[in-house]
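Trainee: Turn this into a structure:
(one chain, ligands or ions: 1)
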Amino acid sequence: MSEIKKRIVVLASGSGTNLQAIIDAVKTGRLSYVDISAVISNKKDAFALHRAKSSGIETVFLDPKSFINNIDYDKKLVEVISSYSVDLIVLAGYMRILTDNFVNAFGNKIINIHPALLPDFGGKGMYGKHVHEAVLKSGREESGCTVHFVTTEVDSGPIIVQRKIPVIPGDTVESLSKRILKEEHKLLVEAIEKILVIPAKAGIQQN
Ligand code: GAR
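Mentor: This is a model prediction of the structure:
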């Protein structure tokens, strides 16, 4: 396998436990061929930025208030990410909808983790606890998490990996999200491994 590491950039808006799972997998060797070039956030106080700094990873805070609109914001985001020449962009709890320009700039190099079994409970307004609220309200006996490629249609890109989690009677948003989040951490690492590490080990060039 090539000595050249695969470079990723992680976009996160919140606590960053999924980011932490990636950092840990890089450290413990499961993703040893992955280099986290930077963590970018739209939230100054995102704990994800703190996690990145603690692990010596470059951080970038891009303030939405400094841009006239989403198109301009994402234009800057494309510029920043392009400077790292990345192999993959990972949305790990990134709570902004990406513009078509952004998605088209990176082709199939963007993946997202979603806390439900897509295609159900996805799309605009379906993020974070809203997803779990909707699942509980629906009376479904099963939820889970999905990692998928990002396309211009929100939460609709091809699914890479998915894991089912039962909804237990008496579940609350907190209990269900906690159980799913634990599984998300494994699933996200698995997806990155599947996209970057396994093909690299097999000697397949990813462009
Ligand atoms: C995760 O549950 C992730 O699936 C969800 O936000 C949480 C972030 O947690 N993402 C979305 O809802 C995106 N639509 P984290 O900051 O601890 O990784």
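
Trainee: Find the closest residue to the ligand in the protein.
Mentor: The chain approaches the ligand most closely through residue 93 (2.7 Å), counting by Cβ to the nearest ligand atom. In short, each C-beta sits where N, CA and C put it, glycine included.

Trainee: check contacts around that residue.
Mentor: By Cβ atoms under 8 Å, 6 or more residues apart in numbering, the residues touching residue 93 are 12, 13, 14, 15, 16, 17, 18, 19, 48, 113, 128.

Trainee: wait, isn't the first one in contact with residue 96?
Mentor: Put plainly, it is residue 12. No: with contacts counted by Cβ atoms under 8 Å, residue 12 stays clear of residue 96, the gap being 10.9 Å.

Trainee: So these two - more neighbours on which side?
Mentor: A count of neighbours by other Cβ atoms under 10 Å puts residue 12 above the other of residue 12 and residue 96, at 27 against 19.

Trainee: Tell me, please, where in this structure the pLDDT is lower than the cut-off.
Mentor: Residue ranges of the chain with pLDDT under 70: 1-3, 200-201, 203-207.

Trainee: in it, which spans are helices?
Mentor: 17-28, 47-54, 70-82, 100-106, 129-138, 173-192, 198-201 (DSSP state H).

Trainee: Let's have the ones you listed in a markdown table, adding mean neighbour count and distance to the ligand.
Mentor: Below are these laid out as a markdown table (neighbours: other Cβ atoms under 10 Å; distance: least, Cβ to the nearest ligand atom, whole Å):
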| stretch | mean neighbour count | distance to the ligand |
| --- | --- | --- |
| helix 17-28 | 20 | 3 |
| helix 47-54 | 18 | 6 |
| helix 70-82 | 16 | 16 |
| helix 100-106 | 17 | 15 |
| helix 129-138 | 17 | 6 |
| helix 173-192 | 19 | 5 |
| helix 198-201 | 14 | 23 |
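
Trainee: Tabulate these in CSV, adding columns for distance to residue 38.
Mentor: Below are the helices of the chain laid out as CSV (distance: least, Cβ to Cβ, whole Å):
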stretch, distance to residue 38
helix 17-28, 11
helix 47-54, 8
helix 70-82, 8
helix 100-106, 15
helix 129-138, 27
helix 173-192, 16
helix 198-201, 21
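
Trainee: just so I know, which of those lies nearest residue 121?
Mentor: Of all the helices of the chain, helix 129-138 sits nearest to residue 121, with 5.2 Å by Cβ to Cβ.

Trainee: any idea of the angle that closest one forms with helix 173-192?
Mentor: Put simply, helix 129-138 runs at 120 degrees to helix 173-192, going by axes from the mean of the first three to the mean of the last three Cα atoms, to 10 degrees.

Trainee: which residues touch helix 129-138?
Mentor: 114-116, 121, 126, 143, 167, 171-173, 176-177, 180.

Trainee: Over to stretch 56-70?
Mentor: With Cβ under 8 Å, 6+ apart as the test, stretch 56-70 has contacts from 23, 36-44, 49, 52-53, 73, 76-77, 80, 96-97, 99.

Trainee: Nothing else from me, thank you.
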